[in-house]
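[1] here is a sequence together with a model predicted from it:
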Amino acid sequence: MLKVTGLESGYGTMQVLWGVDVEVEKGTITTILGPNGAGKTTLLKSIMGIVSPWKGKVEFNGEDVTYLPPHRKVEKGMTLVLEGRHLFPYMSVEENLRLGAYTKRAEEKIEESLELVYQLFPVLEERAKQKVGTMSGGEQQMVAIARAIMASPEIVLMDEPSQGLAPKIVAEVFDTILKLKEEGLTILLVEQNVYASLEISDYGYVLHEGMVALKGTVDEIIESEEVRKAYVGV
């Protein structure tokens, strides 16, 4: 479904990614692991076009989308849940959700998507009229993920969805990610919570200094003692 080949990217004159290859199969959860500064967030932003790649190729469903702007990629069925949530705090839950359905493909399914979101996150239906800024961090993260689903995507890229959340809420977030997979969505996940992410993933990559240090099934990553100690910490 998503194929990244030889991706190089960075900011200004600072190169962050050095020829990264990543492939995500339809209907799977793929996790990108690695230490701080390894280039994980830059990889997601480069895939989505928030950061323009320098070299390489991003293919989605067999189409070259490398240099498409982010809104065009959303129209194609890609979406990104950014680290830090980036919600509209003075707007209600439902208003934030409906803003996620701004493309033609999403507008056609807006009520269907809203129903799915409320099935996944019953608390959001209960608080549909509540201002997002008055909610807890965990609830806001649910709104951020739900808003991405409102775009009617085929693949959801997630950047550190568990960051800053209490352990109980982290478990709920990862349960939700599994439910998204069950609903037929494909997930590319960047996450510092190694245990939780590997537990739900099908495949993984370890980035180090902007390059892929290891790739394989979750079992293969865990069983690699050298890489486990150096990059994964388990």
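    Yep, that arrived.

[2] pretty sure Glu209 is touching Asn36, no?
    No - in this structure, Glu209 is not within contact of Asn36 by CB atoms under 8 Å, at 11.5 Å. Placement of C-beta: from N, CA and C, glycine included.

[3] the two - which one has more neighbours?
    Glu209 (13 against 7; other CB atoms under 10 Å).

[4] not counting its neighbours along the chain, what's nearest that one?
    Among residues not flanking Glu209 along the chain, Ala38 sits closest, at 6.6 Å (CB to CB, 6 or more residues apart in numbering).

[5] assign that neighbour to helix, strand or coil.
    Here Ala38 is recorded as coil under DSSP: H, G, I helix; E, B strand; the rest coil.

[6] what sits against the residue most central in space within the chain?
    Nearest to the mean C-alpha position of the chain, by CA atoms, centre = their mean, lies Met158 at 1.5 Å. Met158 makes contact with 80-81, 145, 177, 187-191, according to CB atoms under 8 Å, 6 or more residues apart in numbering.

[7] from those residues, which would you call buried?
    80-81, 145, 177, 187-191 (16 or more other CB atoms under 10 Å).

[8] in JSON lines, list those along with secondary structure.
    Shown next, in JSON lines, are the buried ones among the contacts of Met158 (three-state DSSP):
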{"residue": "Leu80", "secondary structure": "strand"}
{"residue": "Val81", "secondary structure": "strand"}
{"residue": "Ile145", "secondary structure": "helix"}
{"residue": "Ile177", "secondary structure": "helix"}
{"residue": "Ile187", "secondary structure": "strand"}
{"residue": "Leu188", "secondary structure": "strand"}
{"residue": "Leu189", "secondary structure": "strand"}
{"residue": "Val190", "secondary structure": "strand"}
{"residue": "Glu191", "secondary structure": "coil"}
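
[9] give me the element the nearest residue to Lys57 once chain neighbours are set aside is part of.
    Nearest residue to Lys57 in three dimensions, chain neighbours excluded: Thr5, at 4.7 Å (CB to CB, 6+ apart). In the assignment (DSSP states H and E), Thr5 maps to strand 2-11.

[10] so what's the residue count around the residue nearest to Lys57?
    Residues near Thr5, counting by other CB under 10 Å: 15.

[11] any idea how far the closest residue to Ile221 other than its chain neighbours is from Asn193?
    Nearest in space to Ile221, with sequence neighbours left out and distances taken as CB to CB, 6+ apart, is Gly204 at 4.9 Å. Going from Gly204 to Asn193 by CB to CB, to the nearest Å gives 13 Å.
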